[in-house]
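> sequence? don't have it. structure:
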């Protein structure tokens, strides 16, 4: 069953993540195959740490949240601590699940 959440816009709301963006990025680099589970329905995902390739985030660190081989969302440092990312995609179910 697909859950449709309301569009809150970019960088909406506030979230207390267990790790800082830099800590989560370092963990993803050190453990690229570690499986996490979303805070909502416990969907398994892995976090891939890469660099932005183009646009306003070119060369910035980015955390990509991958589930079933597909990117479900991504977070840049400016998105960290918000419910949604720059593209208005919910990221809090991923960012709160990365706990070291």
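Yep, it's here. Small disclaimer: the values here were computed from a predicted structure and weren't measured.

> which helices and strands does the lengthiest helix in the chain pack with?
Determined from DSSP state H, the single longest helix within the chain is helix 21-30. Helix 21-30 sits against strand 44-51, strand 61-67, with contacts defined as 3 or more C-beta pairs under 8 Å, 6 or more residues apart in numbering; DSSP states H and E. (Glycine included, C-beta is placed from N, CA and C.)

> and that helix with strand 61-67, angle?
Angle of helix 21-30 versus strand 61-67, following axes from the mean of the first three to the mean of the last three C-alpha atoms, to 10 degrees, is 60 degrees.

> number the chain from 36, please
With the count now opening at 36, the last piece we talked about shows up as helix 56-65.

> now what about helix 56-65, what contacts it?
52, 54, 69, 82-84, 96, 98, 110, 112, 115, 130, 133, 135 (C-beta atoms under 8 Å, 6 or more residues apart in numbering).

> and stretch 124-135, end to end?
23 Å (C-alpha to C-alpha, to the nearest Å).

> hang on, the earlier thing: what's the most distant pair in the contacts of helix 56-65?
Taking C-beta to C-beta, the two most distant members of the contacts of helix 56-65 are 69 and 112; they sit 20.4 Å apart.

> more neighbours: which of those two?
Using other C-beta atoms under 10 Å as the criterion, residue 69 and residue 112 rank with residue 112 on top: 16 against 12.

> excluding covalently adjacent residues, which one is nearest to that one?
Nearest residue to residue 112 in three dimensions, chain neighbours excluded: residue 56, at 4.6 Å (C-beta to C-beta, 6 or more residues apart in numbering).

> separation between that neighbour and residue 111?
The gap separating residue 56 from residue 111 is 8 Å, by C-beta to C-beta, to the nearest Å.

> what touches both of the two?
Common contacts of residue 56 and residue 111 (C-beta under 8 Å, 6+ apart): 96, 98.

> residues in contact with the host helix or strand of residue 110?
Taking DSSP states H and E as the criterion, residue 110 maps to strand 105-111. Strand 105-111 is contacted from outside by 56, 80, 87, 92, 95-101, 120-121, 124-126, 129-130, using C-beta under 8 Å, 6+ apart.
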